[in-house]
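Q: let me see the structure of the following:
(one chain, ligands or ions: 1)
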Amino acid sequence: MSSPARPRTVLVTGSARRLGRDMALALARAGWQVAVHYRDSHEEALQTVAACAQLSGDSAAFDADFFDEESVRALVPRVIAHFGHVDAVVNNASLFEHDDVQSFSYVALEAHLRSNTGAPILLAQALHAHLNERAAAGEELAHGAVVNVLDQKLWNQNPDFLSYTLSKAALEAANTVLALALAPRVRVVGVAPGLTLTSHMLSQERFEQLHAMSPLGRSSSSEDVAAAVCFALENRAMTGTTLLVDGGQHLQRFERDFSMM
Ligand SMILES: NC(=O)c1ccc[n+]([C@@H]2O[C@H](COP(=O)([O-])OP(=O)(O)OC[C@H]3O[C@@H](n4cnc5c(N)ncnc54)[C@H](OP(=O)(O)O)[C@@H]3O)[C@@H](O)[C@H]2O)c1
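A: Next comes the predicted model:
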């Protein structure tokens, strides 16, 4: 009798709450062991871990502030120390602070680039190195995948959230470069949500109006985005491309960021 396949492990960054939590739960439902990364949301991370563990057996929480390079570099080794291996990374965590050309500063740019661009690249680098080690140790199927969570606003730009936009534009460029540089060991796929969850900047009523402003009459739900992440991790032919999951919002022109409308 052959032994059962080893469960696959995925690190989902920023998955204590909101979109990341729904990605973690969808992946656990699909049988993945989920490493739940968080920065400040400790209690929510433990709740996500408990829900994931119920679905797929094992889950654990790992804190790291992505502003700090050493913390980012330590993250994948900590996940491997717990699970024994890691097969995929979902780069979901994201700093989203407002600036525009008037308020722009190196401080804002650096904070966004570190969190939203530098950390995803370092985590992809660490996954690639780990899979190379597994291949060198004789593992035949040492392949993995990275999902970079982007934003439809890259295809539909406006003057708001300048540093955030630059950091996601750089991540979108990295999506292509990494797909080439890390092949064939690691696939790299972008997933770009439209307006999905509201923020403190919008009333529920205004959010619902804006959510309906798309060719399909609704932008994305958290479940739509999570389903695209699951698909990207499973599809062995996809790399260096991005799935826009936004009800077609990127096809329209918006003068401001949704949270400023
Ligand atoms: N929400 C939307 O409608 C929407 C639309 C388009 C694109 N997106 C993209 O989808 C993803 C998820 O969106 P979201 O609204 O769920 O995100 P979010 O709530 O703004 O942030 C997700 C998590 O990122 C973590 N984080 C932020 N800065 C960090 C840092 N320096 N180091 C480590 N962790 C950090 C936070 O973890 P802690 O809470 O633990 O501190 C936070 O909970 C993001 O990549 C976003 O750009 C979202």
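Q: going forward, measure contacts and count neighbours with C-alpha atoms only.
A: Fine.
Q: now name the helix or strand holding H112.
A: Using DSSP states H and E, H112 sits within helix 106-113.
Q: the ligand contacts on the chain?
A: 14, 16-20, 38-41, 64-67, 92-96, 115, 149-151, 193-197 (Cα under 6 Å from any ligand atom).
Q: filter those down to the buried ones.
A: Neighbour counting with 16 or more other Cα atoms under 10 Å marks 14, 16-17, 19-20, 38-39, 64-67, 92-95, 115, 149-151, 193-197 as buried within the residues of the chain next to the ligand.
Q: of the residues of the chain next to the ligand, which belong to strands?
A: Per DSSP state E, strands hold the following members of these: Y38, V149, P193.
Q: contacting residues around R187?
A: Residues near R187 by Cα atoms under 8 Å, 6 or more residues apart in numbering: G144, A145, V146, A179, R236, M238, T239, G240.
Q: dump the residues you listed to a markdown table, plus neighbour count, pLDDT and secondary structure.
A: What follows is the contacts of R187, written out as a markdown table (neighbours: other Cα atoms under 10 Å; pLDDT from 0 to 100; DSSP: H, G, I helix; E, B strand; the rest coil):
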| residue | neighbour count | pLDDT | secondary structure |
| --- | --- | --- | --- |
| G144 | 26 | 98 | strand |
| A145 | 28 | 98 | strand |
| V146 | 31 | 99 | strand |
| A179 | 21 | 98 | helix |
| R236 | 12 | 96 | coil |
| M238 | 16 | 98 | coil |
| T239 | 23 | 98 | coil |
| G240 | 18 | 98 | coil |
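Q: what's the farthest-apart pair in these?
A: Within the contacts of R187, G144 and G240 form the most distant pair, 13.8 Å apart (Cα to Cα).
Q: run a quick neighbour tally on A74.
A: Applying other Cα atoms under 10 Å, we find 13 residues neighbouring A74.
Q: CA atoms of the helix or strand hosting it as CSV?
A: In this structure, A74 sits in helix 69-83 according to DSSP H and E. Taking Å, rounded to 0.1, in the frame of the first residue of the first chain, the C-alpha atoms of helix 69-83 are listed here in CSV:
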residue,chain,number,x,y,z
GLU,A,69,14.2,42.9,6.4
GLU,A,70,15.6,40.4,9.0
SER,A,71,12.0,39.5,10.1
VAL,A,72,11.0,38.8,6.5
ARG,A,73,14.1,36.7,5.9
ALA,A,74,13.4,34.7,9.1
LEU,A,75,9.8,33.9,8.1
VAL,A,76,10.1,31.0,5.6
PRO,A,77,12.7,29.2,7.8
ARG,A,78,10.3,29.5,10.8
VAL,A,79,7.4,28.1,8.7
ILE,A,80,9.7,25.2,7.6
ALA,A,81,10.8,24.6,11.2
HIS,A,82,7.1,24.1,12.1
PHE,A,83,5.7,22.1,9.1
